[in-house]
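**Q** Model the structure of this input:
(chains A, B and C)
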Amino acid sequence: MVSAESRETERETCFVVRVVRTLLRGAGQVMFQNSAWTGLLFLCGIGWGAWRAGRLEMAVGALVGLCVGTLAACMLGAPREEIEDGLHGYNGILVGCALPVFLDGGPVCWGMVMAGAFFSTVIMMAVSQLFRSWKVSAMTGPFVFTTWFILLASYSFSGVRAAALPHPVLPAPQPDMLTFSGLDMFFHASLTGVSQVFLIDDAVAGGFFLAGLAAGSLSAAVYGWTGSLVAMSTALLLGANGADVHAGLYQFSAVLTAIGIGTTFYHPGWRAALYTLLATVFTVVAQGALNAALAPLGIPTLTFPFVIAAWLFLLPHVDLEPESRTDSKTSV
Amino acid sequence: MVSAESRETERETCFVVRVVRTLLRGAGQVMFQNSAWTGLLFLCGIGWGAWRAGRLEMAVGALVGLCVGTLAACMLGAPREEIEDGLHGYNGILVGCALPVFLDGGPVCWGMVMAGAFFSTVIMMAVSQLFRSWKVSAMTGPFVFTTWFILLASYSFSGVRAAALPHPVLPAPQPDMLTFSGLDMFFHASLTGVSQVFLIDDAVAGGFFLAGLAAGSLSAAVYGWTGSLVAMSTALLLGANGADVHAGLYQFSAVLTAIGIGTTFYHPGWRAALYTLLATVFTVVAQGALNAALAPLGIPTLTFPFVIAAWLFLLPHVDLEPESRTDSKTSV
Amino acid sequence: MVSAESRETERETCFVVRVVRTLLRGAGQVMFQNSAWTGLLFLCGIGWGAWRAGRLEMAVGALVGLCVGTLAACMLGAPREEIEDGLHGYNGILVGCALPVFLDGGPVCWGMVMAGAFFSTVIMMAVSQLFRSWKVSAMTGPFVFTTWFILLASYSFSGVRAAALPHPVLPAPQPDMLTFSGLDMFFHASLTGVSQVFLIDDAVAGGFFLAGLAAGSLSAAVYGWTGSLVAMSTALLLGANGADVHAGLYQFSAVLTAIGIGTTFYHPGWRAALYTLLATVFTVVAQGALNAALAPLGIPTLTFPFVIAAWLFLLPHVDLEPESRTDSKTSV
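**A** The predicted structure is shown next:
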């Protein structure tokens, strides 16, 4: 939360600085950090990951989505403070990361990135309106719904060509767990779990994202990494596919749950930590459930396990204050 | 909206006239027109389409659904003004059009038409209650949910026999677009796009419906036809199946989106027109997405792409007034 | 509803008695009875059914789920009166009944029973918060969502082994109805329809549950049994699979609908009875629909047909009072 006074000071700076800061904050808000430095490090991580994977279109998509999503909010008259806090950029940047991963890179794909980033802002405003009276935020729901719509539509339109969508199949029981062992794999998977928030499978990019988190809030970085470790352990204990855990696919939603519930919507504390632990375990179960539920449709879960977990665990508005303070801190 | 005074005058007319007017308005409200003349022309269009297709049961179903839906509202104590405006007839008439198309015409089918029209009014009252605090209306959601329930049930009950349901399949990428060219095909598809709102594939019936729209509001007719053209162009550009576009299957939801957002819930104006254009394009993408999402269940999308688009684009309550007038016009 | 005075008296009794009474009421609330005697008879029925089926783990699961669900509510600070009325036990007991039926009985299964009962209380508090302003209760929704999540997750985790889940298939039309005749089969199916509320296929257990209902409210027992008979007749008339009707699978949700709408949320009366009849018929159609809709996912409907019916038929808040009394009785 930015105080009214510092917000006043901010507005006196020149236009370009304000625009850049708003966009960087939009990147940072993907992991709940209202901080331009966080956003800058996140963009570095995306750039690194895209370069290493030889897919620079992901980085371009991220920038395009970030700009279009924020611009859409200005055009649609969203509250100025929300825009300045980057709350209308984080869904757009995720749409821009995701679509080039799953679609081929033709001009229709880029049209979809722009349209999708715009729609994600409309859906953001719709979901915010829906949830206003419950004081629960939209999370990354707008990104998930928008991307699902466009990926599903790729089955109906021959001009929207999928490049890497899972093949639609009926759910089938998982065979025995693949081998997964060694401390180095453990360490690697804890970082890819963070990087997959931006659909990147790269441990170094995960390090960038943790550094960005730390720039915004040290406890967010600690919660994020711990969430990844807890999710990995839970998934392996339950017998998840080892290759998926190695690629971070059971961790990225849990990372968001851990940061969101543990540090953003509740003050950190041991009761909040326990509640966050339960929500993180729930997120892993929900990840497994949604993998099966979406298998017949041939689309990925994206961060929907986190969205479900956050909505369900935040709606009860459980009082977890150590000394039952009354100042609630529900930014984002 | 009918003024209190003219409503008083209305109530002095004889009972039969009042009943007929209420029913005709119920038909007109399918496309947001609170006008008996619109409803009369709509019924003519349905009759024509049913006769040309050799399926008069559709016309009978429409009348039965219209009557049962409106009667149910009276029995359940819905507000009198809502009933007189036809707001409890439009879901019933659509249920009555749809079920004879997809089910065989046996006595159980007719029982389902009556039960379905009744349920659609219950669901109408439930969804209206749900959405009351957001000032968004139920749209054709009650028709969609009721019809989906009954069509899905036909898989479980051997007494409810499906006649023309799509075969359940996992989604598969669309092959290259079928040929679609020529100005006459373009013209034809723009009219079937309108007639498919009532599940009729007939250009002349589409002409009746446009005439009915014009009887209620000229701008509604313009927006409706334009919406059909925009949807057709978008679908062809994205590479939709040409035969589906020719039959109007990518246009009918977009027609409702264009009329609803462009003329009913917003005053027409260039900003509203632009927003409507975006919502119309979104409806076409949603149509493609829902085609894929419902393929495994073997049920049609009905007008759900419109319902989704209308809810998402109306919930933000974006201010699109040319001179920011404050009198909101949210009928239906 | 317990008056404030008698609640005061209750609190003076010793701790153990209070705990046992709370837990028994939690069992009774599965069928809307705030009565420890009902709960005791329900537990006897579960014990009998589990013993007859040679699956005592169901009874153990029920007790574990009941305790964990209630304990979770205490830990999360749910309102004390809700807890004392057993409103945080009925979802947990159902989770505890269901999971051992569908999963193998290993230690992970029991971990899931405990985690699931805990999650069901979180979801109960979340859904209650969601529906607060509409004065509609969560019904058995939290049980359904929790169990669905865990059963779906069994497809992704090799450590969570399914024992008796339906095989995922695309929906296919039901072949002709299997033979079902004779008054004894009719009688048997009317009782298994009641026992299946707790996922038990045993007519004697159904008798226990009816006795428990009668201990709480005679009209609840009458409505429950009648609901089972109406649902059975509707299902047979529509051509449902005879073996499923014999096992009570088309009746259990309708039993809950009949008790809930007929006696709990409305005062009994002939108008309420008629409305309940319609809701019961709707529940059977919804059961058939959801059987088809969930077939590709390979999970059972559980009591979701009831949840849908109850939400849709209670949301309109139709006034069904014989003399339009104003004291509404919306417990549970």
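**Q** where in the stretch 1-150 of chain A is pLDDT low?
**A** The model of the stretch 1-150 of chain A has pLDDT under 70 over residues A:1-5, A:7-8, A:10-12.
**Q** Show me where it has its strands.
**A** Assigned strands in the stretch 1-150 of chain A: none (criterion: DSSP state E, counting those that start in this stretch).
**Q** can you list the residues of it near chain C?
**A** Counting by CB under 8 Å from any CB of the partner chain, the stretch 1-150 of chain A comes close to chain C at A:133, A:134. For the C-beta atoms, the positions are set from N, CA and C on the backbone; glycine is no exception.
**Q** Which residue does the stretch 1-150 of chain A have closest to chain C?
**A** Of all residues in the stretch 1-150 of chain A, residue A:134 sits closest to chain C, at 6.4 Å by CB to the nearest CB.
**Q** And that residue, how close does it get to residue B:120?
**A** Here residue A:134 is placed at a distance of 29 Å from residue B:120 (CB to CB, to the nearest Å).
**Q** who has more neighbours, the two?
**A** residue B:120 (32 against 16; other CB atoms under 10 Å in any protein chain shown).
**Q** which residues does the more buried one contact?
**A** By CB atoms under 8 Å, 6 or more residues apart in numbering or on different chains, the residues touching residue B:120 are B:65, B:69, B:91, B:92, B:94, B:95, B:142, B:143, B:146.
**Q** ditto for residue A:103
**A** A:109, A:112, A:150, A:151, A:154, A:160, A:161, A:162, A:163.
**Q** now swap in residue A:194 and tell me
**A** The neighbourhood of residue A:194, defined by CB under 8 Å, 6+ apart, consists of A:206, A:209, A:210, A:224, A:225, A:228, A:248, A:251, A:252, A:255.
**Q** Include neighbour count and distance to chain C when you put those residues into CSV, please.
**A** As requested, these are exported to CSV (neighbours: other CB atoms under 10 Å in any protein chain shown; distance: CB to the nearest CB, whole Å):
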residue, neighbour count, distance to chain C
A:206, 31, 23
A:209, 30, 25
A:210, 24, 27
A:224, 33, 22
A:225, 22, 23
A:228, 29, 18
A:248, 28, 15
A:251, 35, 14
A:252, 30, 15
A:255, 34, 19
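**Q** Pick the one among these closest to chain B.
**A** Nearest to chain B, judged by CB to the nearest CB, of the contacts of residue A:194 is residue A:252 at 23.5 Å.
**Q** Mind jotting down where the helices sit in the stretch 101-250 of chain A?
**A** Assigned by DSSP state H, counting those that start in this stretch, the helices in the stretch 101-250 of chain A fall at A:107-131, A:141-153, A:183-195, A:203-216, A:218-238, A:242-246.
**Q** by contact count, what packs against the fifth one?
**A** Packed against helix A:218-238 by the contact rule (3 or more CB pairs under 8 Å, 6 or more residues apart in numbering or on different chains; DSSP states H and E) you find helix A:183-195, helix A:203-216, helix A:242-246, helix A:252-259, helix A:270-294.
**Q** Now with 6 Å, please.
**A** Packing contacts for helix A:218-238, counted by 3 or more CB pairs under 6 Å, 6 or more residues apart in numbering or on different chains; DSSP states H and E, involve helix A:183-195, helix A:203-216, helix A:252-259, helix A:270-294.
**Q** Tabulate the ones you listed (a markdown table), appending mean pLDDT.
**A** Compiled in a markdown table, these are given as follows (pLDDT from 0 to 100):
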| stretch | mean pLDDT |
| --- | --- |
| helix A:183-195 | 91 |
| helix A:203-216 | 96 |
| helix A:252-259 | 97 |
| helix A:270-294 | 95 |
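**Q** if you compare those helices, which one is most tucked away?
**A** Among the helices and strands packed on helix A:218-238, ranked by average contacts under mean count of other CB atoms under 10 Å in any protein chain shown, first place goes to helix A:252-259 (a mean of 31).
**Q** Perfect, I'm done here.
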